Each structure stands twice: as structure tokens, then as C-alpha cells.
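Fold the following for me, if possible:
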Amino acid sequence: MTVIAVDDTDSRERGMCTTYVATRLAEQVREAGGTVDRTLLVRLNPAVEHKTRGNAALAVHCDLPAERTLALADNALDHAETADPRTNPGAVVVDAAPDAVPDALADVARRAVRELLDLDTVRETLSVAGVETVERGMGRGLIGAAAAAGAHRAFEEWTYECISYRERDRWGSDREVDVDSVFAAADDAYPEVWDTVDREEGVAVCVPRTPCPILHGIRGDDPDAVRRVAERIESESVARRHTFRTNQGTDAHLRDGTIDTAQDGRAYRLDGTVAARPDTKEGGHVFFPLEGTGRLQCAAFEPTKRFRDRVRALREGDRITACGEVSDGTLKLEKFAVRDCVQTELVTPDCPDCGRSMKSAGANAGYRCRDCGTDADGKVEQPLDRDIEEGWYEVPPVARRHIAKPLVRGGFDAPTHPER
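Numbering: from 1, shown residues only. Sure, this is the predicted structure:
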């Protein structure tokens, strides 16, 4: 068996897509007489500075001899948008079965999803492991390619995506997709197939808005189910389809941590207490401080839409688990779990005789009714009418990161409140 992996072939402005390059590579393997066992789509750390939107690296597992696939890998990089100086593709060829790649590559895969890796370090790792490489430009794509090559050994949880590609002469033009057919197919397949649409926003999430070759991508827990949904969508002609096994929707990027040790460029699950009521700033962004082993600002930005109402419902004293990427000292919320809701608040007492609100009697002197002369020692507890309950809350599908796990997939440690 041989593992061929590629990364960094696309451009934010000029388009292309590394999934398309991997699809063509798999086709070339078959044309050369080989068999493709699987194709992996591996989402890497979403905090990487040089990433395009999805930060995906790809691996093709096949039975062609390694010496025959190196030329195929080199040819695959010819599809890369290297006219963009920020596109620096790389490919690796590992002469081993996917479950027997060197330990060092599995370690690169785990770290590339959760950390920021250095190209020189990865080059050294590949060299020591005896892995063949090809590249263009500065070869930054070797980082992701190495990670994709080691991903089969590194991760246990996988989902699937069926991607349909446009005819070449349609790239860059408006997509013709019947949205009603997308919503109908999504409703019939939910929850096994998820994040196809955002029902409240009325958006077909599966249809990209970039100039890339993708017409739509359908994600779910079963490969046959995602293919069936893709086939039901009415649209312009489809040039080719390919189903990938992927770490999308798994939360593979999250690590358990503490507030005082959280670092920029990494994503965490952090336990803490809401230290002040959430505040909505200019632009509709919502912020609040989280306290525990330290203090960290949390944010729900405007693109997370109705999720911000969930955040606004938090109150000082609520205990939560917050999940998301830390950037510039702020945790960008992807989901959170309410562990304990504050149910009462301290308020100025009312006079038991006349019902009017009492006034302060002075420093540390309690409260007094100026009309009746009655006294109270201090503030009293009053029940709160809360708009939130214990359990997990998440951003809507329109704002979800590829790698973030939708609540509908299950496996969470508290009740869930999924967004559709």
C-alpha cells in the first residue's frame, strides 16, 4: 500500500480546491491500473494564518507502488493555483500501508490539528522518516501533506462528505442550484446527514460562495446517505463526484485546558464562571469575561447570528464550559455548555408594610423605608426568570467551522440544544 498526500493547492482569490486535486489524483491512480482504498479529507488547525477558508489537506490510499505514484503526485501539483504567491503546494509519498506509516507522521497529524507547526521541523521529520516529497514555491503545503499522510493512524472518529464538482467552463460563475431541492433532501436525511442547510437563516450551507470547482458538499455520518442527498439535488450539470472520509464534525481541534494556560492559535474546552453579564458591542459582537484559574475574554461575533442570543442569556455567576479558538487573548465561541445556572439575584428589599422599595440607611447600615420606618439588614434574594437552561448550545450551521462537532451528532456530556 502507498499513501499519497497533498496540501496548499488553492487560492483565496483565484479559486481551486485541494479536494479537487485529490479527486483528480485518485482518478489518475485508477487510470494507471491501481485501486484507491479511500481518500481522506483532513481539516487542520483553523487558526493557521496562511490557510484558505477550510484548511484541508488530502490523502489518497492506494495499492500502486510508491515509485510509480511520485510522478502522479508531482503532476497533481500542476493543478495548484501557483499564480497566487501565497499558494505553495507540497505532496508526500509514503511507502507503507495507512495504518503502518511512521509514528512521526501520526504525531504531525495530531499536532497540525491543534497547534502551529514549523515547515523546517516538518521537513526534518519527513527526511528522517525517508518520505519522498515534491513541492512548488516554498513548499509550505508539506506541513499539511505530512499531517494528512499520518491522519489515518492519528484519529479514530471519522465522518463523510460527498463533493460534487462543476464543469470546468462554469468555474467562477454563479452556481445554479435549486434551493428547494436542497432543503427537501436535507430534511429527509437529517440527522444522519447534517449541516446541509441552515433552516432559520434560509441558507443552503452546502453550496460554497467562492470561485472554487465545488458545486456542493454533503456531510454526514454515513457514506451512502451523503451520496443519496447529493444525487437528489437539482442543479447545473455535475462533472464528477467523490466521497471522502473526513475528520469534519468531530471537534478534533479542541483540547482540554485551563484559562490561565490558554494560548493563541489553539482551540480549547475551558471550564469557568461568567464574571460579568455579556455586553453587546458595536457591530453586534457579544463579549463577556470567563473566570477560573485566570480570566479570559469570550466572544460571539456577529456572523454567529442567533447564537449571540444564547450568549446574552448568560448571567454573572453561571458556570460553563466554553469551546473555541483563542486569538489575540479572546476565545471565539463555537459552543458552550451551561453547567450551573444562577437562579436568584440580590435586590433591594421592599417594605413589608407599604410595598415601596427601601432606601439605603448608610454604609453597612442596611435599608430603611422612609415612609414607614421599617428596617432590613441587607439585600434579599429574588428568583430569576432565565431564558437558558443547563446543557450544550452551539453556533448555527451557517457559522459552523468544518471541524466543529454539531450537537446533533451526540456524544456530549449534558443535554443538547441543536441548531438546524
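
how about the strands of the stretch 201-350 of the chain, start to end?
For the stretch 201-350 of the chain, applying DSSP state E, counting those that start in this stretch gives strands covering 214-220, 238-246, 254-256, 266-274, 279-280, 286-291, 295-300, 319-327, 330-340, 344-347.

To residue 103, which of those lies closest?
strand 254-256 (20.0 Å; C-beta to C-beta). To be clear about C-beta, it is placed using only N, CA and C from the backbone, and glycine gets the same treatment.

on contacts alone, who are the packing partners of the closest one?
Strand 254-256 sits against strand 266-274, with contacts defined as 3 or more C-beta pairs under 8 Å, 6 or more residues apart in numbering; DSSP states H and E.

Sheet-wise, list the partners of the strand it packs on with their directions.
strand 254-256 (parallel), strand 286-291 (antiparallel), strand 319-327 (antiparallel) (DSSP bridges).

Make a markdown table out of the strands of the stretch 201-350 of the chain and add distance to residue 121, mean neighbour count and mean pLDDT.
Converted to a markdown table, those look like this (distance: least, C-beta to C-beta, whole Å; neighbours: other C-beta atoms under 10 Å; pLDDT from 0 to 100):
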| stretch | distance to residue 121 | mean neighbour count | mean pLDDT |
| --- | --- | --- | --- |
| strand 214-220 | 32 | 25 | 97 |
| strand 238-246 | 26 | 19 | 97 |
| strand 254-256 | 20 | 15 | 96 |
| strand 266-274 | 17 | 21 | 98 |
| strand 279-280 | 41 | 12 | 97 |
| strand 286-291 | 33 | 20 | 98 |
| strand 295-300 | 29 | 20 | 98 |
| strand 319-327 | 22 | 21 | 97 |
| strand 330-340 | 27 | 22 | 98 |
| strand 344-347 | 52 | 12 | 88 |
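
Could you export those to CSV, including columns for distance to residue 81?
Shown next, in CSV, are these (distance: least, C-beta to C-beta, whole Å):
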stretch, distance to residue 81
strand 214-220, 14
strand 238-246, 18
strand 254-256, 31
strand 266-274, 28
strand 279-280, 39
strand 286-291, 37
strand 295-300, 32
strand 319-327, 26
strand 330-340, 28
strand 344-347, 56
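
Those: which one's closest to residue 147?
strand 238-246 (13.2 Å).

Pull the contacting residues for residue 114.
By C-beta atoms under 8 Å, 6 or more residues apart in numbering, residue 114 lies in contact with 45, 252-255, 266-267.

what's the distance between the residue nearest to residue 411 when sequence neighbours are not counted and residue 339?
Leaving aside its sequence neighbours, residue 411 sits nearest to residue 405 (C-beta to C-beta, 6 or more residues apart in numbering; 7.8 Å). Taking C-beta to C-beta, to the nearest Å as the measure, residue 405 falls 18 Å from residue 339.

Residue 40 now?
Using C-beta to C-beta, residue 40 is found at 35 Å from residue 339.

Was I right to think the residue nearest to residue 411 contacts residue 253?
No - using C-beta atoms under 8 Å as the test, residue 405 is too far from residue 253 to be in contact (9.8 Å).

If you count surrounding residues, which of those two has more?
residue 253 (28 against 25; other C-beta atoms under 10 Å).

show me the contacts for that one.
Contact partners of residue 253, counting by C-beta under 8 Å, 6+ apart, are 43, 45-46, 113-114, 267, 325, 403-404.

Among those residues, which lie within helices?
If you go by DSSP state H, the contacts of residue 253 have 113-114 in helices.

export the contacts of residue 114 to JSON lines and tack on distance to residue 182?
As requested, those are exported to JSON lines (distance: C-beta to C-beta, whole Å):
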{"residue": "45", "distance to residue 182": "30"}
{"residue": "252", "distance to residue 182": "27"}
{"residue": "253", "distance to residue 182": "27"}
{"residue": "254", "distance to residue 182": "29"}
{"residue": "255", "distance to residue 182": "35"}
{"residue": "266", "distance to residue 182": "35"}
{"residue": "267", "distance to residue 182": "29"}
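
Nearest to residue 190 among the residues you listed?
residue 252 (22.7 Å).

Report the contact partners of the closest residue to the closest one other than its chain neighbours.
Using C-beta to C-beta, 6+ apart and skipping residues adjacent in sequence, the residue nearest residue 252 is residue 113, 5.2 Å away. Residue 113 sits next to 42-45, 147, 247, 252-253, 403 when contact means C-beta under 8 Å, 6+ apart.

cool, residue 377 as well?
Counted by C-beta under 8 Å, 6+ apart, residue 377 has contacts 366-367.

Could you list the low-pLDDT ranges of this protein?
Where the chain drops to pLDDT under 70, the residues are 11-15, 50-54, 82.

Can you pull the domain assignment for it?
2-154, 159-246, 254-343+385-417, 344-383 (automatic domain parsing).

most tightly surrounded among the ones you listed?
Compared across the domains of the chain, domain 2-154 shows the largest average neighbour count, a mean of 21 (mean count of other C-beta atoms under 10 Å).
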